[in-house]
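Asker: A structural model of the following input is requested.
(4 chains)
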Protein chains: 2
Amino acid sequence: MAQVDDDTGLPASLATAWGLRERPSKGPKPGLSLDRIVDQAVELAAAEGLGAVSMGRVAKGLGVSTMSLYRYVGAKDELYVLMQEAVYPVPSGPWDPATGWRAGLAQWAAEQRRIFQENLWLLRIPISGPPVSPKSVVWMERGLAVLADTGLSEGEKISVIMLVSGFVRQEALLMSDVAAAMAETGLAPDAVMRRYARGLRVLTDPERHPAMTRFLDSGVMDEADEPDAEFDFGLACVLDGVAALIERRSRP
Amino acid sequence: MAQVDDDTGLPASLATAWGLRERPSKGPKPGLSLDRIVDQAVELAAAEGLGAVSMGRVAKGLGVSTMSLYRYVGAKDELYVLMQEAVYPVPSGPWDPATGWRAGLAQWAAEQRRIFQENLWLLRIPISGPPVSPKSVVWMERGLAVLADTGLSEGEKISVIMLVSGFVRQEALLMSDVAAAMAETGLAPDAVMRRYARGLRVLTDPERHPAMTRFLDSGVMDEADEPDAEFDFGLACVLDGVAALIERRSRP
DNA sequence: TTCTTCTGCGTATGCCTTACGCATTACTGT
DNA sequence: ACAGTAATGCGTAAGGCATACGCAGAAGAA
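Answerer: Numbers count the residues shown, from 1 in each chain, chains lettered A, B, ... in the order given. Now for the predicted structure:
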């Protein structure tokens, strides 16, 4: 475990990374830098998946020895955090209150989703706690700003934010699994779906699973739907729920 | 990768596990059984977490050699699947349509949540595709039955089910992380929350993050709320959204 | 009885993270 | 200018992991 350093409760290399702490100026000039390490790791993850990111391979990619990396990173988990931070962008453009909370939240969700889609390895990082990083603060800030005029309490706002971001993550994970299955078998989306349906059918007994049988017979499973369909459906549902809450709060 | 065997598209050991295939009756009597292996693995996971589950340790616990396990399990991933299946119960009691879809879905979600809470290691298993197992079919069956009379299409029903179960999983994961943080530091829930809040505060700049500052100053973060609060809030939101959809479908 | 097939297991390979210590370098205070 | 000190890169190695392969023996099938 990476021991925490200051009273910030953050591991040393992370505190260094986002400027809460400076690298000392004593010894030999570092021939390496956190940025280069993280960039290399991200490149590797993008090309071959998170599984390909090992200290050894990152080091090899940089032309240094494995153990050199540990002068910059306390443990591999910290590297993961830094990779996330490196790849996460900041919400696009400033927030215009005229947009309205619903469109704002939808955009907020869509942007986060895109990050996952473009960096599928992000979803494979085992999360080890609530996010504490500059970028995550910016995203929370944006979320709170979007909900500022809704009349929700601060606690409710943060709950809504966590609900929506949780949904985004979950949906992206599901899609990433389908994508992984496709990549592995080399089959088209439709074929993957059909294969999945076939698996379910084998395990489904018309007698004991009438609803399942009805569902499988409906043919919904026989073709992959629009890539955004599931996301749009789920997000609309969640936002409808949020709308109901806001409605309730606005006139009791 | 575990190669698929029949035309079911299932790995061999899984097909064996749920009776789609029988163990051959030729050679020496097996001194081991899939059940014993899986039980041992589950016990280990429950006691020391999923990280403690290695082929070596499972074998040691059973008093056999590591490689013996591979006569029963094609790969570790398959063991994971079997562990999930072993621990997953079946929905409690028969479905009474008089319950109504909302209460039914809420109970469905609560039961699944309890499974996660009682077997936190479940959440650490990397999911590698949509669930194909007898138990998962039973849960889907129940979900579809609950939504049978709502007037939703089959596609919408399954989308709602995935939305809700995704939410349950996500929320459980979050709670499990907090629990893990508590276990690691030995701090009380409130203390963990305060530590988290402190981390955020360090990264928050009142100028650039006014909404965050307002939020942190509101004091919501300074004490852990009821363990069920977040779950109840999110579930209510989601179900409100589903209700809106059903409403819309029932009278266009 | 002989053949086939399946068992348990020893050995070995090739990964992985990371603890530790050594020689080297460059800044700091005198 | 010159110690002293601290940080660098890196070699070595320990301990863990999943799992490929092959062999000796057991038990049912012929």
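
Asker: Residue A:37 contacts residue A:70, correct?
Answerer: No: the pair residue A:37 and residue A:70 fails to qualify as a contact (Cβ atoms under 8 Å) at a distance of 10.4 Å. For the C-beta atoms, the positions are set from N, CA and C on the backbone; glycine is no exception.

Asker: Who has more neighbours out of these two?
Answerer: residue A:37 (25 against 13; other Cβ atoms under 10 Å in any protein chain shown).

Asker: how about that one, secondary structure?
Answerer: Under DSSP: H, G, I helix; E, B strand; the rest coil, the three-state class of residue A:37 is helix.

Asker: give the contact list for it.
Answerer: Residue A:37 makes contacts with A:58, A:62, A:69, A:72-73, A:79, as judged by Cβ atoms under 8 Å, 6 or more residues apart in numbering or on different chains.

Asker: Dump those to CSV, plus distance to residue A:95, neighbour count and secondary structure.
Answerer: Below are the contacts of residue A:37 laid out as CSV (distance: Cβ to Cβ, whole Å; neighbours: other Cβ atoms under 10 Å in any protein chain shown; DSSP: H, G, I helix; E, B strand; the rest coil):
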residue, distance to residue A:95, neighbour count, secondary structure
A:58, 37, 26, helix
A:62, 39, 18, helix
A:69, 38, 21, helix
A:72, 35, 21, coil
A:73, 34, 26, coil
A:79, 32, 22, helix
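
Asker: Mind putting these into CSV with pLDDT?
Answerer: Below are those laid out as CSV (pLDDT from 0 to 100):
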residue, pLDDT
A:58, 98
A:62, 96
A:69, 97
A:72, 94
A:73, 95
A:79, 97
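
Asker: among the residues you listed, which are within reach of DNA strand D?
Answerer: Checked against DNA strand D using Cβ under 7 Å from any atom of the strand, those give the following subset in range: residue A:72.

Asker: helices or strands next to the helix or strand encompassing residue A:110 in the packing?
Answerer: Following DSSP states H and E, the helix or strand that holds residue A:110 is helix A:101-118. Secondary-structure packing of helix A:101-118 (3 or more Cβ pairs under 8 Å, 6 or more residues apart in numbering or on different chains; DSSP states H and E): helix A:134-146, helix A:154-185, helix A:229-250.

Asker: Which among those is found nearest to DNA strand D?
Answerer: When the helices and strands packed on helix A:101-118 are compared by Cβ to the nearest atom of the strand, helix A:154-185 sits nearest DNA strand D, at 14.2 Å.

Asker: Residues touching the following helix or strand past that closest one, excluding its own?
Answerer: Moving toward the C-terminus from helix A:154-185, the first helix or strand encountered (DSSP H and E) is helix A:189-203. Contacts of helix A:189-203 with the rest of the structure, by Cβ under 8 Å, 6+ apart, involve A:178, A:181-182, A:185, A:187, A:212, A:216, A:221-224, B:7-10, B:18, B:20, B:129-130, B:132-134, B:137.

Asker: With respect to burial, which of the helices and strands packed on helix A:101-118 scores highest?
Answerer: Of all these, helix A:134-146 carries the top mean neighbour count, a mean of 22, counting by mean count of other Cβ atoms under 10 Å in any protein chain shown.

Asker: so how far is it from its chain's centroid?
Answerer: Shown here is helix A:134-146, whose average C-alpha point lies 15 Å from the average C-alpha point of the whole chain (Cα atoms, centre = their mean, to the nearest Å).

Asker: ditto for stretch A:167-182
Answerer: In this view, stretch A:167-182 has its centroid 11 Å away from the chain centroid, taken as Cα atoms, centre = their mean.

Asker: for stretch A:36-52, same thing?
Answerer: The chain centroid and the centroid of stretch A:36-52 are separated by 16 Å under Cα atoms, centre = their mean.

Asker: Please save the CA atoms from that stretch in CSV.
Answerer: Once non-C-alpha atoms are left out, stretch A:36-52 reads as follows in CSV (Å, rounded to 0.1, in the frame of the first residue of the first chain):
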residue,chain,number,x,y,z
ARG,A,36,6.8,10.6,-19.8
ILE,A,37,6.1,7.5,-17.7
VAL,A,38,2.4,8.2,-17.6
ASP,A,39,2.3,8.9,-21.3
GLN,A,40,4.0,5.7,-22.1
ALA,A,41,1.6,3.8,-19.9
VAL,A,42,-1.4,5.4,-21.5
GLU,A,43,-0.1,4.7,-25.0
LEU,A,44,0.4,1.1,-24.0
ALA,A,45,-3.1,0.8,-22.6
ALA,A,46,-4.6,2.4,-25.6
ALA,A,47,-2.8,0.0,-28.0
GLU,A,48,-3.0,-3.3,-26.1
GLY,A,49,-5.4,-2.8,-23.2
LEU,A,50,-4.8,-2.3,-19.6
GLY,A,51,-3.5,-5.8,-19.2
ALA,A,52,-0.5,-4.9,-21.2
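
Asker: For that stretch, the averaged confidence score.
Answerer: Averaged across stretch A:36-52, the pLDDT comes to 96.

Asker: thinking again about what came up before, of the helices and strands packed on helix A:101-118, which shows the lowest average pLDDT?
Answerer: Out of those, helix A:154-185 stands lowest, with a mean of 92 (criterion: mean pLDDT).

Asker: does any part of that helix sit near chain B?
Answerer: Yes: Helix A:154-185 lies within reach of chain B by Cβ under 8 Å from any Cβ of the partner chain, at A:154-160, A:162-163, A:166-167, A:169-171, A:173-174, A:177-178, A:180-181, A:184.

Asker: and the helices and strands packed on helix A:101-118 as TSV, adding distance to residue A:27?
Answerer: Rendered in TSV, the data for those read as follows (distance: least, Cβ to Cβ, whole Å):
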stretch	distance to residue A:27
helix A:134-146	28
helix A:154-185	41
helix A:229-250	50
